[in-house]
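Visitor: quick one, fold the following:
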Amino acid sequence: MKLRDLPLVSLRTFAVVAETGGVAGAAEALGVTHSAVSKQVKLLERWLGQALFTLEGRRLVLTPFGTVLSREVGRALGDIAGACAYVQRQRERRTVTIEAPATFAMYWLLPHVNRYRAQNPRTDVWVSTRMTGQPPNFSAHDL
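Guide: Predicted structure coming up:
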């Protein structure tokens, strides 16, 4: 399955319905209408070919497939939200990437990097190593 084929709006809507326990709560959380939420859930169920909820009285209950999908999509969306929050927090930070032979990095570079970090707390330094004699990858690193 290709990423471009995933119905991301429907998956996000489903995750919020599962988290809030109902369409009304999801509609409020997402800032859309009850009808829009229901439509997205139906689209996802049709796309998957599986029912994700059953109606018990006036309450929506996740099916076994819905439970699995809710857990995994919820985890994935949480990871995405965390990554986005991290990137937003780093707006003011700079990152310098350095590639060096492993022995040089271990014995000389890393002690100097630690002093540099202490003097420049808003700059992150990422060091990747290569085997001695292996050609450097200039396109992926600053130094």
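
Visitor: which SSE is Ser128 in?
Guide: Using DSSP states H and E, Ser128 sits in strand 123-130.

Visitor: that strand packs against which elements?
Guide: strand 94-101, helix 110-119 (3 or more Cβ pairs under 8 Å, 6 or more residues apart in numbering; DSSP states H and E). In this view, the C-beta of every residue, glycine as well, is placed from N, C-alpha and C.

Visitor: tabulate those (CSV), appending distance to Gly21 and mean neighbour count.
Guide: As requested, the helices and strands packed on strand 123-130 are arranged in CSV below (distance: least, Cβ to Cβ, whole Å; neighbours: other Cβ atoms under 10 Å):
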stretch, distance to Gly21, mean neighbour count
strand 94-101, 41, 14
helix 110-119, 46, 11
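
Visitor: okay, these in TSV with mean pLDDT and distance to Ser10 next?
Guide: Converted to TSV, those look like this (pLDDT from 0 to 100; distance: least, Cβ to Cβ, whole Å):
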stretch	mean pLDDT	distance to Ser10
strand 94-101	84	35
helix 110-119	88	44
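
Visitor: quick one, domains of the protein?
Guide: Domain ranges of the chain: 3-90, 93-130, per the TED database.
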